[in-house]
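**Student:** Structure, please.
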Amino acid sequence: SDSFGAMTVDGGGSVANSGTLASSGVLYVGKSGSGTIGITNGGKQSNTGMVYLGYNFGSMGVLTVDGAGSTWTPGGCVYIGSSGSGTLNGTHGGSARIAGTEVASASGSAGTLLVDGVGSTFGGIGSSLTVGGSGCGTFSITHGGCASSMDGNIAHFSGSKGTVTVDGAGSTWTNSGNLYVGNAGDGTMNILNGGSVSVAAATYVANSAGSTGLINFGANGGTLTTQSLFALPNQMTGVGAIHTCGLVSDLDMVFDSTDDLVQTLTFGQNVRVTLDLASQPDARRSLGAGLKGAGSLTIKNGTAVSSYEGCLGYGVNSTGTATVTGAKSTWTSNRLAVGVDGAGSLSIVNGGSVQSATGSIASGVQSTGIVTVDGVGSTWTAPSLYVGRAGNGLLAIINGGSVSSWQASLGSNKNSMGTVTVDGAGSKWANTYSISVGGGGIGRLNISNGGAVTAASVSINSSSLLTIAVDSNSSLSMNVYDDPITNNGTVRLLAGARAAATTYTPIRNATITNNGAWQSIGGTWNAGSRQFTVSVAATGSSGTEIAGIDLASTQRALVSDGKGWSVGASFLAQASTIDFTATAISGGVFTSLEGLLAAGESVRSGWEFSADNYAVSATNPVYLSLKVGAGFSADDLHLWHYANKEWTPYAASDLTYDGVYANFTATSFSGYAVSAVPEPSTIALLGVGVLGLLAYLRRRQRAS
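**Tutor:** Down below sits the predicted model:
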């Protein structure tokens, strides 16, 4: 620890091979004490192993490459300030070609890297550079010095501090990969007085939760050129310019005939950001909204936008929304993630179109995601489709919208939940190969009101659910006759209050392997003919018992209060007789519920239920149809449960709205109500298996 060592490799001698030093193995400069190496006057030094400048705590190591022709070529990675203090200087035309560098590796370490002067160079093809691993690191490129690296990382781990300064005309830092300014620690990049930084891939500012990042251009700054930029406006200071082909931020971006594909934005006070989506059509650009807070993206009026990666709701607690609206309005992206680690939503409406090789809804474990494909001509093509990849995801195909995929997974990973609802005449999900309803998580596939799903195979895994509301010829059809449906979860065929008492064929061309539960509610299922026969309905009045309903022959009841309210209840066929009562709720029972409603929201229907000789449960559910009337959006319907004199939200896994009735499955008899906001909605969401998810996103979207 008290030792001192110094060595000079000097190229000015007259003896052959003088000024050249080659060694094998690891090089320590300041292993426990203080060490220096000077490579000067064209000297050359190389070694085959790793290099440590300031190896142990309390040590100090300095290596200087000075002068034109002076070169240093280590064979392994270089640690400048491993646990101690380290310095690497490249000056006056000195050159260092390094496989990878970390400045200030350990907590408590300090490292300094300097590239100064015209002709001074640092780095190499395929080399990575970290400034502030876990300690405090600085990197300065000045007076025309040049540095290159593959990935640049400023302040890598939590607790680290890293500062990079590129100062002066001709001073450059070139990254062939990504650049992180504050990956998990406190990172700062200064681009001053005409300095230049280029990044072939993406620049991330304050990438992880808890990190901080700043790009400072000073009073007379330089230029950052990057393929994509993940940054907020308040993470920029000074006067400078950024050129990027892609952007993910907390902004409201619009691309249409007025706001075209090349836009100029202002970050900070005077940082000019040029976003160019027109050139480089094959660029690996990222485009999205909701980096750390709230942002939106709108594509309309026939505008076509392309990106390699699309992301909505990128960071934890972020909210990112996108709308693609109108004929010929398109968003083409190789990878599209709706809800990366935050909350994301995508609306494809009015004939808009989205194309992505891979589509992921709710990618991260804390994420939520909603995609709505709404209306005739509105389409999403995603060969590989994941709904609820690791979080809670919903895909709603409604009002004639269409989705095409090759293979799909709903609820892919542990603790995830994925719900797909195909609702309305002309609404279609065409899947070329397999649909997995539930993988490591829980899946829900709901088909209703004439919606149609096709696939080559369908598997319903444990704890997952397929529901088909048979009215309006809703169907699940296999692409080829006798294609398999494997049920290891639950298949539920449903007939609500509006279903005609006739025979339907909800499942077509399938060979069914049924190892799970099969529930035919409101009618009977013929496994041989694949037909579902809807029962006639026993009728009655509010508060009056309908006695002696024989569930072997009659599986539906319809009750009216004589004042415009009505409710339907559908049951499983079984060899039993029940006495059923439905009573319209009125008066003071609603008082506590009204206190839970949003402004303008009102109760549309509420009923209490009871049945003698009948126990409702998960294995013996009842399908309820509460009349709410016409003119509502399903997004504005909220379900409530009344028990023990208390109202709580009710998360139905198969809620649908047929234009008159709100239909859902209940697993207990007590009280239920439907409330609604009487306003048109641009996003009609159906089949909510995660009611809390929708309420959460709805609040955040309206607030933003």
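
**Student:** So in terms of bridging, what pairs with residue 73?
**Tutor:** Beta bridges link residue 73 to residue 46, judged by DSSP bridges.

**Student:** Under the pLDDT cut-off, which ranges of this structure? List them.
**Tutor:** By pLDDT under 70, the weakly predicted segments of the chain are 13-18, 125, 633, 678-704.

**Student:** element containing residue 626?
**Tutor:** strand 622-627 (DSSP states H and E).

**Student:** Which elements pack onto that strand?
**Tutor:** Applying 3 or more C-beta pairs under 8 Å, 6 or more residues apart in numbering; DSSP states H and E, we find strand 622-627 packed against strand 566-570, strand 602-612, strand 661-666, strand 671-676. Where you see a C-beta, it was placed from the backbone N, CA and C, and this is true even at glycine.

**Student:** In JSON lines, list those strands along with distance to residue 596 and mean neighbour count.
**Tutor:** Output for the helices and strands packed on strand 622-627, formatted as JSON lines (distance: least, C-beta to C-beta, whole Å; neighbours: other C-beta atoms under 10 Å):
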{"stretch": "strand 566-570", "distance to residue 596": "21", "mean neighbour count": "25"}
{"stretch": "strand 602-612", "distance to residue 596": "10", "mean neighbour count": "18"}
{"stretch": "strand 661-666", "distance to residue 596": "17", "mean neighbour count": "24"}
{"stretch": "strand 671-676", "distance to residue 596": "9", "mean neighbour count": "23"}
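
**Student:** Kindly reformat these as a markdown table containing distance to residue 421.
**Tutor:** Listed next are the helices and strands packed on strand 622-627 as a markdown table, based on distance: least, C-beta to C-beta, whole Å:
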| stretch | distance to residue 421 |
| --- | --- |
| strand 566-570 | 19 |
| strand 602-612 | 21 |
| strand 661-666 | 12 |
| strand 671-676 | 17 |
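
**Student:** how far off strand 661-666 does the strand holding residue 626 point, in degrees?
**Tutor:** Put simply, strand 622-627 runs at 160 degrees to strand 661-666, going by axes from the mean of the first three to the mean of the last three C-alpha atoms, to 10 degrees.

**Student:** Name the next helix or strand downstream of strand 622-627, please.
**Tutor:** Using DSSP H and E, the helix or strand that follows strand 622-627 towards the C-terminus is strand 637-643.

**Student:** by how many degrees do that next one and strand 661-666 diverge?
**Tutor:** Calculated by the same axes, to 10 degrees, strand 637-643 forms an angle of 40 degrees with strand 661-666.

**Student:** okay, now residue 220: neighbour count?
**Tutor:** Using other C-beta atoms under 10 Å, the number of residues around residue 220 comes to 11.

**Student:** Quick one: distance of the strand holding residue 626 to the chain centre.
**Tutor:** 34 Å (C-alpha atoms, centre = their mean, to the nearest Å).

**Student:** what sits up against that strand?
**Tutor:** Strand 622-627 is touched from outside by 494-498, 521-522, 564-571, 604-607, 609, 616, 660-666, 669, 672-674, with contacts defined as C-beta atoms under 8 Å, 6 or more residues apart in numbering.

**Student:** Dump it to CSV, restricted to CA.
**Tutor:** This file holds the C-alpha atoms of strand 622-627, laid out as CSV (Å, rounded to 0.1, in the frame of the first residue of the first chain):
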residue,chain,number,x,y,z
VAL,A,622,-76.0,-18.0,-13.2
TYR,A,623,-76.0,-15.7,-16.2
LEU,A,624,-77.7,-12.4,-15.5
SER,A,625,-79.1,-9.9,-18.0
LEU,A,626,-79.9,-6.4,-16.5
LYS,A,627,-81.7,-4.1,-18.8
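
**Student:** now the angle between strand 602-612 and that strand, please.
**Tutor:** Comparing the axes of strand 622-627 and strand 602-612 via the same axes, to 10 degrees yields an angle of 140 degrees.

**Student:** Pull up the pairing partners for strand 622-627, direction included.
**Tutor:** Partners of strand 622-627 in the sheet, by DSSP bridges, are strand 566-570 (antiparallel), strand 661-666 (antiparallel).

**Student:** Okay, angle between the first one and strand 671-676 too, please.
**Tutor:** Right, strand 566-570. Between strand 566-570 and strand 671-676, the angle comes out at 120 degrees (the same axes, to 10 degrees).

**Student:** could you dump strand 566-570 to CSV, C-alpha only?
**Tutor:** Listed next in CSV are the C-alpha coordinates belonging to strand 566-570 (Å, rounded to 0.1, in the frame of the first residue of the first chain):
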residue,chain,number,x,y,z
SER,A,566,-86.5,-6.1,-16.5
VAL,A,567,-83.9,-8.7,-15.8
GLY,A,568,-83.1,-12.2,-17.1
ALA,A,569,-81.5,-15.1,-15.3
SER,A,570,-80.2,-18.2,-17.0
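
**Student:** Check which element follows it along the chain.
**Tutor:** strand 577-584.
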